[in-house]
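1. I need the structure of the sequence given here:
(one chain, ligands or ions: 4)
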Amino acid sequence: MEDKNLQGKLLIGHDDCNNSNNESFDDVLSQRLNRRDLMKLSAGLIGSTLFGSFMSGCNSDETTPATSPVAAAALLSFTPVAKNMNDTVTVATGYTANVLYRVGDPIKLGVNNYLNDGTDTDFDSRSGDCHDGMKYFGLKADNSGYELTNSTNGLMCINHEYINQNYLHTVAEVAAINNASRIPAQVDKEMAAHGVAVIKITNGGTGFALDKTSGYNRRITATTPMKLQGVAAGSSYMVTPYSTTGMATRGTVNNCANGYTPWGTYLTCEENWNGYFKYSATGRTAKEVAAFSRYGLSATSRYGWESVYTQWMATVTGADATADYRYGPNTFGYNVEIDPFNPTSTPVKHTAMGRFAHEGCWPAKATAGKPVVFYMGDDSKGEYIYKFVSTQNWDAADATGGLTAGAKYLDSGTLYVAKFNADGTGNWLKLDISETAIATYATYTFADAADVAVHSRLAADAMGATKMDRPEWGGVHPTTGEVYMTLTNNSNRAKTGSYGLDAANPRYYTDTYNVTTTNKGNVNGHIIRWKETGSEPAATTFAWDIYLFGAQSDANATNVNLSGLTADNDFSSPDGLWFSDVSKGLMWIQTDDGAYTDTTNCMLLAALPGSVNDGTATSVTSLAVPTNGTADQAITTYVGAKPGTTKLKRFLVGPKDCEITGITETPDGKTIFVNVQHPGEDGTTTALTSHWPDGETTRPRSSTIVITKNDGGIVGI
Ligand code: FEO
Ligand code: CA
Ligand code: CA
Ligand code: CA
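-> Ligands and ions are numbered 1, 2, ... in the order given. The predicted structure is shown next:
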């Protein structure tokens, strides 16, 4: 999702809806317990004793390819790519990037080639727009089903997060768009360009290509029927005219990052879904108004689809919820499970995993006999980090269990939210109706467990979770088990007040864009990480530090460029984050930036991170801003070991006005796939700012690219 809010553009999503009074950083600071050294000591002892158990658990990990994983080299060997604003993909020397799958590309036989002039239709049978999270699943050579290790035949699941209307319609149509009265055919096209694609891709020896003949190829869109499962399914919150029993809904939208399961299915995550509805408070109870307000519903929808389809009109007009879509928004905001190997299966929205602006959903290593654990972020300003712990323990016999296993592990479990304490410890706070803070919450009276699931944000408020600087992608280090999550930026972060600084979100400063514009807050973002107590994913306590701070290399070294970034690796607004399963320990970072784009296009970096507490406790001072009279203040935070130029390098820079997002690999690690989202998004058809990927005369197109090492080796090492 674009981060252009820093420049005052495209204010879609990520809004400030968190007016809770919890998590004042002053309170957190006053609780500082000075137990940092004790934490370090105990973490070290626990780590050494658990290393053996981790190693013995490897064989039960069904998510890791069997292809001989290799330890990533101690230092990155490729030559870093220089920052640039070229309208092309620049990849490190020794590597090649080819375009695989562009918006509009036919995914089925009999579909016309994409004209790319705004007249194309049939997006049910074409690539959608704005490629985002994705995952490669190996497919048996005879195409009969899942094969974890197949690196030449696979099914790719790809999110199509949203649309760029300028490039989807003709010039005249774009000029005439009126959200109060949309033209049905245009809305149909836009809804079909959203969602997810499942495509078969094959490498016959000359590189991957899409196989349009495959029966697996499928589009899931904003109109596809969906099942609702878990605690809130069938509750009164989910009743609509489409499903008067509250067991189903239609469509998935704003599918941002992704996840996957140990049982061979794909998770697509609904992020800024609130913007798709036109909402009214008229005729609602005060409790309902509080709930919808907390989720940022408003009277203005992003695309005006409600002018054609009442599904998107969240207003009280009928006698009850079976007669209007007053509760339509309650059926969005979930992780959606898709079985790529069963093309007729109905996707499932798993309500027990909570409802918020789900960026993505990342599994911990599955261990037989223990719960399955997923980490999740809520990407809006000041929102929270969550985890889901299944009730059922992992049974490796479910490794190809598909949606049946999904129901077993994802429909019953415990949802937690993270609190990052000032002393470098953390707590997972249970979101359960039995918790006193939830049961007695004065701001919102929870009725039952379904209410808690549907209104996870309010339950997290009640528990006193830590307001973060926009949680984006997460990842679990394949050897240490430590969890990393990007916090992309937060223009609302301030020195004091409800978004005041805290140890886990410690920066407030000023950055200049194009000389004339000044950005404030946490402009460049950071990456937090934590180690679960005992290295148990289901633990309820953890130790944390900040692995990396985004910054310009020439920024203030003691308060802004805390990780010592240089010209070889400086970046802003980390978003995508992903660990290779093949080169163990190699992490990739992608940017979705609007703050450093006066200097460089968005990028992909490779990293070799260490471990929690490998750095130092550091006092950071917020920096004075002329228009803000609040005195500067010092915050103690925990800065990970500086990477230097050998453990963090820029690997790729994208074309103009793009975001680099979405990354996955073949099981042999010799091919990685990366998405280039919305190249040229700041332009129009009459004033193109990007011509990528196809040249001078065409409209720019979001695309999946394929990156290989020229010597045929594993990418990145
Ligand atoms: Fe769709 Fe939070 O990025
Ligand atoms: Ca982003
Ligand atoms: Ca994102
Ligand atoms: Ca700047």
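
2. does stretch 156-166 come close to ligand 3?
-> No - legend: contact between stretch 156-166 and ligand 3 by CB under 5 Å from the ion is lacking; minimum distance shown is 8.1 Å. To be clear about C-beta, it is placed using only N, CA and C from the backbone, and glycine gets the same treatment.

3. endpoint to endpoint, that stretch covers what distance?
-> End-to-end distance for stretch 156-166: 27 Å, by CA to CA, to the nearest Å.

4. also stretch 396-404?
-> Note: stretch 396-404 ends 14 Å apart using CA to CA.

5. ok, and for it, which residues are buried?
-> Buried residues in stretch 396-404, counting neighbours by 16 or more other CB atoms under 10 Å, are found at Asp398, Ala399, Gly401, Gly402, Leu403.

6. and if you look at stretch 421-440?
-> Buried residues in stretch 421-440, defined by neighbour count with 16+ other CB under 10 Å: 421-433, 435, 438.

7. widest-spaced pair of the buried residues of stretch 396-404?
-> With CB to CB as the measure, no two of these lie farther apart than Ala399 and Leu403, at 13.9 Å.

8. next up, the contacts around the closest residue to Tyr441 other than its chain neighbours.
-> Distances taken as CB to CB, 6 or more residues apart in numbering place Ala462 nearest to Tyr441, at 3.9 Å, with adjacent residues excluded. Applying CB atoms under 8 Å, 6 or more residues apart in numbering, one finds that Ala462 lies in contact with Asn22, Glu435, Ala437, Ile438, Tyr441, Thr443, Tyr444.

9. nearest to ligand 1, of these?
-> Checking the contacts of Ala462 against ligand 1 by CB to the nearest ligand atom gives Asn22 as the nearest, at 22.6 Å.

10. quick one on the thing from earlier: which helix or strand contains the residue nearest to Tyr441?
-> helix 456-463 (DSSP states H and E).

11. which pLDDT value goes with the residue of the chain at minimum distance from ligand 2?
-> In the chain, the residue found nearest to ligand 2 is Asp592; the distance is 3.6 Å by CB to the ion. Per-residue pLDDT puts Asp592 at 98.

12. hang on, it packs against Thr661?
-> Yes - contact status for Asp592 versus Thr661: in contact at 6.1 Å, counting by CB atoms under 8 Å.

13. who in the stretch 201-350 of the chain is up against ligand 3?
-> Cys256.

14. and the strands in the stretch 201-350 of the chain?
-> In the stretch 201-350 of the chain, the strands defined using DSSP state E, counting those that start in this stretch lie at 208-210, 218-220, 225-229, 248-250, 255-260, 266-270, 278-279, 313-314, 335-338, 348-350.

15. I'd like these as CSV, with mean neighbour count appended.
-> Converted to CSV, these look like this (neighbours: other CB atoms under 10 Å):
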stretch, mean neighbour count
strand 208-210, 19
strand 218-220, 25
strand 225-229, 20
strand 248-250, 20
strand 255-260, 27
strand 266-270, 29
strand 278-279, 24
strand 313-314, 22
strand 335-338, 28
strand 348-350, 26
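
16. run the chain-centre distance for the following helix or strand past the helix holding Ala462.
-> Later in the chain than helix 456-463, the nearest helix or strand by DSSP H and E is strand 471-476. Computed by CA atoms, centre = their mean, to the nearest Å, the chain-centroid distance of strand 471-476 equals 7 Å.

17. and stretch 88-102, by the same measure?
-> Taking mean C-alpha positions (CA atoms, centre = their mean), stretch 88-102 and its chain are 23 Å apart.

18. quick check: residues of the stretch 451-600 of the chain near ligand 2?
-> Residues of the stretch 451-600 of the chain lying near ligand 2 (CB under 5 Å from the ion): Thr488, Asp575, Asp592.

19. Ser580 and Ala607 touch, don't they?
-> No - counting by CB under 8 Å, Ser580 sits too far from Ala607 to count as a contact (11.0 Å).

20. what sits in contact with each of the two?
-> By CB under 8 Å, 6+ apart, Ser580 and Ala607 have these common neighbours: Leu586, Met587, Trp588.

21. just give the closest residue to the second one, not the sequence neighbours.
-> Which is Met587. Distance criterion CB to CB, 6+ apart; nearest residue to Met587, sequence neighbours excluded, is Ala607 at 4.5 Å.

22. mind listing what that neighbour touches?
-> Contacts of Ala607 by CB under 8 Å, 6+ apart are Leu548, Leu586, Met587, Trp588, Ile589, Pro643, Lys647, Leu648.

23. any chance of these in TSV, with distance to Thr121 too?
-> Output for the contacts of Ala607, formatted as TSV (distance: CB to CB, whole Å):
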residue	distance to Thr121
Leu548	44
Leu586	42
Met587	41
Trp588	36
Ile589	37
Pro643	48
Lys647	49
Leu648	45
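
24. restricted to strands, list the residues you listed.
-> If you go by DSSP state E, the contacts of Ala607 have Leu548, Met587, Trp588, Ile589, Leu648 in strands.

25. redo these as CSV? Include neighbour count and pLDDT.
-> CSV is the format used below for these (neighbours: other CB atoms under 10 Å; pLDDT from 0 to 100):
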residue, neighbour count, pLDDT
Leu548, 29, 98
Met587, 25, 98
Trp588, 24, 98
Ile589, 30, 99
Leu648, 27, 98
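
26. widest-spaced pair of those?
-> Leu548 and Trp588 (12.7 Å).
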